[in-house]
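1. Got a sequence here, can you model it:
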Amino acid sequence: MARKKIVSLKELAAALGISSAQMSNILSEKFEPVKSNIMELAEFLEVSPLELIEETPKPSTKDHG
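-> Predicted coordinates for the structure are as follows:
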């Protein structure tokens, strides 16, 4: 987003021609993206589609003791 000088998700939604509510849905953990949406967003942000859909590892909450 920084490369596009977009500072908020609201601006990103506007740039993509979608509503802020749609942007929130896309960013939700429960969202199942449509391939064309991922491709369009990746192209706009100039990143790999994999960067958008890969899960980031969450810290373990298990006690290792």
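2. Report the distance from the strand or helix carrying Glu43 to the chain centre.
-> Assessed by DSSP states H and E, Glu43 sits inside helix 35-45. Mean-position distance between helix 35-45 and its chain equals 10 Å (Cα atoms, centre = their mean, to the nearest Å).
3. Give me the contacts around the helix or strand following that helix.
-> Sequence order places helix 49-53 as the next helix or strand after helix 35-45, per DSSP H and E. Contact partners of helix 49-53, identified using Cβ atoms under 8 Å, 6 or more residues apart in numbering, comprise 33, 38-39, 41-42, 45. All C-beta spots, glycine's among them, are computed from the backbone N, C-alpha and C.
4. Which two among these are spaced furthest apart?
-> Using Cβ to Cβ, the contacts of helix 49-53 span at most 13.8 Å, a distance reached by Pro33 and Leu45.
5. Name the residue in these two with the higher neighbour count.
-> Just comparing Pro33 and Leu45: by other Cβ atoms under 10 Å the higher neighbour count belongs to Leu45, 19 against 14.
6. is it true that the more buried one touches Ala15?
-> No. Using Cβ atoms under 8 Å, Leu45 is not in contact with Ala15, being 9.8 Å away.
7. Please enumerate the shared neighbours of those two.
-> Both Leu45 and Ala15 are in contact with Lys4, where contact means Cβ under 8 Å, 6+ apart.
8. Give the residue spans of the protein that score low on pLDDT.
-> For the chain, the stretches flagged by pLDDT under 70 are 33, 55-65.
9. sec struct for Ala15, please.
-> helix (DSSP: H, G, I helix; E, B strand; the rest coil).
10. Is it in contact with Leu41, as I believe?
-> No. Using Cβ under 8 Å, Ala15 is not in contact with Leu41, being 10.2 Å away.
11. hmm, back to that, redo the contacts of helix 49-53 as CSV? Include distance to Gln22.
-> Shown next, in CSV, are those (distance: Cβ to Cβ, whole Å):
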residue, distance to Gln22
Pro33, 12
Ile38, 14
Met39, 16
Leu41, 11
Ala42, 17
Leu45, 16
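12. Which one of these is nearest to Ile6?
-> Leu45 (8.8 Å).
13. Identify the residue nearest Asn25 in space, chain neighbours excluded?
-> Leaving aside its sequence neighbours, Asn25 sits nearest to Phe31 (Cβ to Cβ, 6 or more residues apart in numbering; 5.7 Å).
14. Thank you kindly, that will do.
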